[in-house]
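Chemist: dropping a prediction and its sequence here:
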Amino acid sequence: MIVLTPKGAVSTQTIALMPPIGDLTGRVVGILNNGHHNGTPVLEAMRDILLAHHRVARILFRTKPWISRPAPDEVLQELRGSCDVVIAGVGD
């Protein structure tokens, strides 16, 4: 008899956090919607609050084409190259 176990190898690494971005005035903010149900209305409300109350210069709002897969490299490159900060959002 073969007994299978779901335990996998565990590895850990320390990742340094970026310093806080501080004031958002004049910054470009990216919002990456993962496509889950209810994600769009929540993230659109966040976009509206950022524009109305935090004086951001611009918001890039992008939605992943598939919920279960990573965002395409071209979307990540666009956000990385154009934004001062990116918010990755989850619905449900």
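Modeler: Yep, it's here. Numbering: from 1, shown residues only.

Chemist: so which residues of the protein form helices?
Modeler: In order along the chain, the chain carries the following helices (DSSP state H): 39-53, 73-82.

Chemist: could I get those as a markdown table with mean pLDDT, mean neighbour count and distance to residue 19?
Modeler: For glycine as for every other residue, the C-beta is placed from the backbone atoms N, C-alpha and C. Supplementary listing: the helices of the chain in a markdown table, determined by pLDDT from 0 to 100; neighbours: other Cβ atoms under 10 Å; distance: least, Cβ to Cβ, whole Å:
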| stretch | mean pLDDT | mean neighbour count | distance to residue 19 |
| --- | --- | --- | --- |
| helix 39-53 | 93 | 14 | 20 |
| helix 73-82 | 96 | 13 | 17 |
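
Chemist: can you tell me which residues contact residue 64?
Modeler: 32, 33, 34, 35, 70, 71, 72, 75 (Cβ atoms under 8 Å, 6 or more residues apart in numbering).

Chemist: wait, which of the helices of the chain is closest to residue 4?
Modeler: Distances from residue 4 to each of the helices of the chain were compared using Cβ to Cβ; the shortest belongs to helix 73-82, at 34.1 Å.

Chemist: brilliant, that's me finished.
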